[in-house]
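Student: sharing a model that was predicted from the sequence below.
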Amino acid sequence: MNIARGYRRLAIATIGSWLAAWGAVGGFSAWQQSIWSEIFIEASRAGRTSEMILANQRSQEFAELVSMALTWGLLAIPFTIAFSVVWWVYKGFAA
């Protein structure tokens, strides 16, 4: 294995695992938010106020987690840029 192949594997593993982890967190949070939203809708139709309040709080918590997952997932872009700059500098000095 040469330096180029090893560096590409490192970059793909780092960025890929970052995207996979935050994608899983975001997907799970979106799924939970949809469940709690359905519970809220059912409770509002039945007039159960305390259940509506709980469902709304839980739904908001998971909505914030979805937002956080999207924000942290977008950090893959700076990671990609950083790997590209490092590779560009390495190739500049290697020549």
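Tutor: Yep, it's here.

Student: element containing the residue most central in space within the chain?
Tutor: In the chain, the residue lying closest to the centroid (C-alpha atoms, centre = their mean) is W22, at 2.8 Å. If you go by DSSP states H and E, W22 is part of helix 3-46.

Student: so how far is that helix from its chain's centroid?
Tutor: 5 Å (C-alpha atoms, centre = their mean, to the nearest Å).

Student: show me what contacts V66?
Tutor: By C-beta atoms under 8 Å, 6 or more residues apart in numbering, V66 lies in contact with 26, 29-30, 33. C-beta coordinates here come from the backbone N, C-alpha and C atoms, glycine included.

Student: burial count for A76?
Tutor: The number of residues packed near A76 is 17, by other C-beta atoms under 10 Å.

Student: residues contacting it?
Tutor: 15, 18-19.
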